[in-house]
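build me a model:
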Amino acid sequence: MDLKFTFGGAAPDQHDHGAAPSGISLPITAKPVSLGPASSVLEISVRRAETALIAEAISGDGVTYARAEVALAAGTAPSGEPTPDTLAKAVRSAVSRVVAGLDGPLAESVTGLVLDLGADAADVLAALGMDPAAPTVDAALQRRAGIAMGTPVRIGG
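Numbers count the residues shown, from 1 in each chain. Model prediction:
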């Protein structure tokens, strides 16, 4: 079997390519692709379902890269609802699981943490040891979850 390859373009009389060019000159140069500003955002969002916390790593353009669900243990509150300390433990666990589910470079690319916990959000921030006026990931959460210290934390709604 005789195979011939041409990389600089074939002579027009040897091959019929119609109106298409007969080859691409080497080296091939790719045009840079801009993904836009939204794709540089990767937030971990934690929201409360009836009996669990659901955490997701979501890019600015809406792609979910990892998801984790942590069951809520009953707290010692008179209503039987989880206490802020119980919710804080569940938040740490859910965030840790999501970060563990991200591939290497993505795990280091988290740009924010969003706590969508309704009326409990401020109490959970306090239970996590964060300043409610300017919450950011602290050293304890960094050790537990792997999110860079100083990453902004905001209350979602």
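
can you pull out the strands in this protein?
Secondary structure of the chain by DSSP state E: the strands cover 42-48, 52-59, 64-71, 112-116, 153-155.

so which bits of stretch 108-128 are buried?
109-110, 112-115, 117, 120-121, 123-125, 127-128 (16 or more other CB atoms under 10 Å). (Each C-beta comes from the backbone N, C-alpha and C, glycine too.)

among these, which ones are in helices?
121, 123-125, 127 (DSSP state H).

got these as JSON lines, with pLDDT columns?
Below are these laid out as JSON lines (pLDDT from 0 to 100):
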{"residue": "A121", "pLDDT": "91"}
{"residue": "D123", "pLDDT": "93"}
{"residue": "V124", "pLDDT": "93"}
{"residue": "L125", "pLDDT": "93"}
{"residue": "A127", "pLDDT": "94"}
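
distance of the closest residue to R92 other than its chain neighbours from A57?
Closest residue to R92 apart from its sequence neighbours, by CB to CB, 6 or more residues apart in numbering: R144 at 5.2 Å. Distance, R144 to A57, using CB to CB, to the nearest Å: 16 Å.

more neighbours: these two, which one.
A57 (23 against 14; other CB atoms under 10 Å).

how far away is that one from G118?
To G118, A57 is 21 Å away according to CB to CB.

max-length helix in the chain?
Longest helix in the chain by number of residues, with DSSP H as the criterion: helix 84-101.

buried ones in that one?
84, 86-99, 101.

hang on, isn't E69 packed against A90?
No. The criterion here is CB atoms under 8 Å, and E69 misses it with A90 at 10.0 Å.

which neighbours do the two share?
L53 (CB atoms under 8 Å, 6 or more residues apart in numbering).

neighbours around the closest residue in space to I58 that isn't next to it in sequence, how many?
What sits nearest to I58 in space, not counting adjacent residues and going by CB to CB, 6+ apart, is T64, at 5.3 Å. Here the number of neighbours of T64 (other CB under 10 Å) works out to 11.
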